[in-house]
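> pasting the structure only:
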């Protein structure tokens, strides 16, 4: 059985193809960013919901 060396594309949104390596590098870049605690996220979500009701 032969393995393929052909790298597939289209790992992101349709119409914007990217390789596996590009995809992994974008994930690593995102992981280096700041993450907020769950409590802050819930608080911002509640504020957003209150603004939408008005």
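The structure has been received and is ready for your questions. This one's a predicted model, so the numbers in the text were calculated from it and none came from an experiment.
> what's the offset of the helix or strand residue 45 falls within from the middle of its chain?
Taking DSSP states H and E as the criterion, residue 45 maps to helix 38-53. Relative to the chain's own centre, helix 38-53 is displaced by 21 Å; criterion: Cα atoms, centre = their mean, to the nearest Å.
> point to the residue nearest the middle of this protein.
Residue closest to the mean C-alpha point of the chain, counted by Cα atoms, centre = their mean, is residue 27 at 6.9 Å.
> residue 41 versus that residue, what's the distance?
Going from residue 27 to residue 41 by Cβ to Cβ, to the nearest Å gives 20 Å. For glycine as for every other residue, the C-beta is placed from the backbone atoms N, C-alpha and C.
> who touches the helix holding residue 45?
With contact meaning Cβ atoms under 8 Å, 6 or more residues apart in numbering, helix 38-53 is reached by no other residue.
> averaged pLDDT, that helix. What do you get?
Taken as a whole, helix 38-53 has a mean pLDDT of 92.
> tell me, how many residues neighbour residue 42?
10 (other Cβ atoms under 10 Å).
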